[in-house]
Structure formats: C-alpha cells, structure tokens
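Q: Sequence first, then the predicted structure, then my questions.
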Amino acid sequence: MNLFEVDRQSCNQDGICAAVCPAGLIDFQKGGHPESIAGADELCIRCGHCVAVCPTGSLSHCEIPVEECPPVQKELQLTAESCEHFLRSRRSIRVYKDKQVPGEDLEKLIKTARYAPSGHNSQSVEWLVLGNRNELQNLSEIIADWMRWMISNMPEFALSMHMDKTLARWGKGSDVILRGAPAVIVTHAGKDNLMAPAACTIALTYLELASTGMGLGCCWAGYFNAAATTYPPMMKALSLPEDHQCLGSMMMGYPKFSYHRLPPRKPPGITWRMP
C-alpha cells in the first residue's frame, strides 16, 4: 500500500504538502504530482500535515484518510483579541462545588487534550482518572505523610514550601492538599521515554484550557505530583504500570465561584535579537 494517494483530478499541483512535511518524505516537481520517497512509510511520523494542509482535499494518507479529517471551521477560530481574553481570564481553581464530574465529560476533555503536540508525534501520554472520593481522601493522607517525612528529612526545602503550615491547616480539617476537587487527572508514560515529560505537561495544559468550555476548572496538583514521583507509598497507591512514572496531575471540578476581572502580571523579561 502506498503511504498516500493523490486525486490527480482535483490536485492543483501546488506542492504545499511537500513543503510542510516535517521529514521531507514527499517529492514534488513543478508540473507534476506529489509522490512519496523511498522508505517514506518507515520514516513517516503520522502527523497528518500533508492531509490537513491540502486546500483541495486531494491527498489521503493510508492511516489518516481525508474522509476522517473534518475541515477547519473558520467561524469558530479565535481572533487575536478573543484569544488574549480567553488566556488572561483563565484562573487556577481551588474551590469547587460538591458535585461529581460525569465520566463522559472527562473522557471528552482527554480526547481533546490528545491533540496536544508531542515530540516526533509520539503521542505517548497515558491517563489515569481518579474520581472516587474515598480513594482521593486516602491519597491526600498519604501526601500528608510525605510532607511529614519531608519536614523530618529535608526540613530546609519543606519549610521553604510551607509544608508545616499546610499540615497545620490540614490537621484542622482544611483540605489544602487536593482542595476538595471531585477528580484528579494524572498523566503517565514510560520511564525511558525522553519525550514524555514535555508531552504530558503540554497535554495537561490543553486539558486545563479546554475544561473552561465545559464549565469546569482546574489547578495543577503540585503536592500530589511531587509525592507521586518520590514517595514509595504514594507510588504504590497509584499502581501505575511498573515501567511508568507520573508526569503531571491536575485537580478538576466545577468552580464554586466566578471571576470578574483580569489581574495584571509583571512585565515579561525579553531579550531581543532581531534585525
């Protein structure tokens, strides 16, 4: 089977598919039609650029049929102003309604987040969804134990992160570990996958931004993630595949309160090296 098929009747022979192919696997000569080079099937990363960029829908990849690639809806695309407003209005949510998030909504978000870029289009991110309140409570208690261990064994770092104050509030019944979030979403991947840490971070960022459109809010679960990567009891409780590691976690739920202003941030530090 050829790596891709070209409809020669509709192809306008512009060579754009060859120009955007990351691995240079498409040969195009002016006046001709695109063709795959020798060994292209082995080198192709299945990114779909060639199918997505063709203005006439004339190219179909053997694993990414053009029929399965819906057209971009320009009326839904963000303007510069709406994009800036959306990103500035994003808030880390730490106060949630006592309301469970339906599994189908979480699955929809994860399916959206899978479109996040990953090195070599590896798509190596795997997901663990935690939504059982008893399990989340148990994990929170393990994280509290981790903090106690940190205070005893790495006091300088622990106190710089105010773990003593966190534990004091925890002891008084304030959930400052998982913030009462009804769900925690964990990303994980193989320990030897060098591209996975960045891929998981980007995927969780996509997840966080996409959650806004479904009326949900998120917050990065820093304590959770730190314990999950360093504390054996937490690793055991998560029960990830033996050769996998936790590479990011996100608290999620319905925000209890709405935000009405766009607070400023400090000016960016920029070093310019331009003509």
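A: Received, thanks. Residues are numbered from 1 along each chain as shown.

Q: going forward, measure contacts and count neighbours with C-alpha atoms only.
A: Noted.

Q: Whichever strand in the chain runs longest: partners in the sheet, and parallel or antiparallel?
A: Using DSSP state E, we find that the single longest strand of the chain is strand 244-253. When pairing is defined by DSSP bridges, strand 244-253 lines up against strand 183-190 (antiparallel), strand 217-220 (antiparallel).

Q: Ok, which of these comes nearest Q77?
A: Relative to Q77, the nearest member of these by C-alpha to C-alpha is strand 217-220, separated by 22.0 Å.

Q: what residues are up against the residue sitting furthest away from the middle of the chain?
A: The centre of the chain is farthest from one residue, G31, which by C-alpha atoms, centre = their mean lies 41.6 Å away. Residues in contact with G31 (C-alpha atoms under 8 Å, 6 or more residues apart in numbering) are Q13.

Q: can you rerun that using 10 Å?
A: With contact set as C-alpha atoms under 10 Å, 6 or more residues apart in numbering, G31 has these partners: N12, Q13, D14, G15.

Q: what number of residues lie near the spatially closest residue to the last one that is not a sequence neighbour?
A: Spelled out, that is G15. Once flanking residues are discounted, G15 sits nearest to F28: 6.0 Å by C-alpha to C-alpha, 6 or more residues apart in numbering. Number of residues near F28 (other C-alpha atoms under 10 Å) recorded here: 19.

Q: and if you look at E75?
A: Residues lying near E75 (other C-alpha under 10 Å) number 7.

Q: G180 touches Q137, doesn't it?
A: Yes. Between G180 and Q137 there is a contact under C-alpha atoms under 10 Å: 9.0 Å.

Q: Could you check which helix or strand contains the residue most central in space within the chain?
A: Geometric centre of the chain, nearest residue: A203, 1.1 Å, by C-alpha atoms, centre = their mean. Taking DSSP states H and E as the criterion, A203 maps to helix 196-211.

Q: picking up where we left off before, of G180 and Q137, which one has the most company?
A: Per other C-alpha under 10 Å, whichever of G180 and Q137 has more neighbours is G180, with 20 against 15.

Q: Name whatever forms a beta bridge with the nearest residue to that one once chain neighbours are set aside.
A: Among residues not flanking G180 along the chain, Y96 sits closest, at 6.6 Å (C-alpha to C-alpha, 6+ apart). Y96 has these beta-bridge partners by DSSP bridges: P255.
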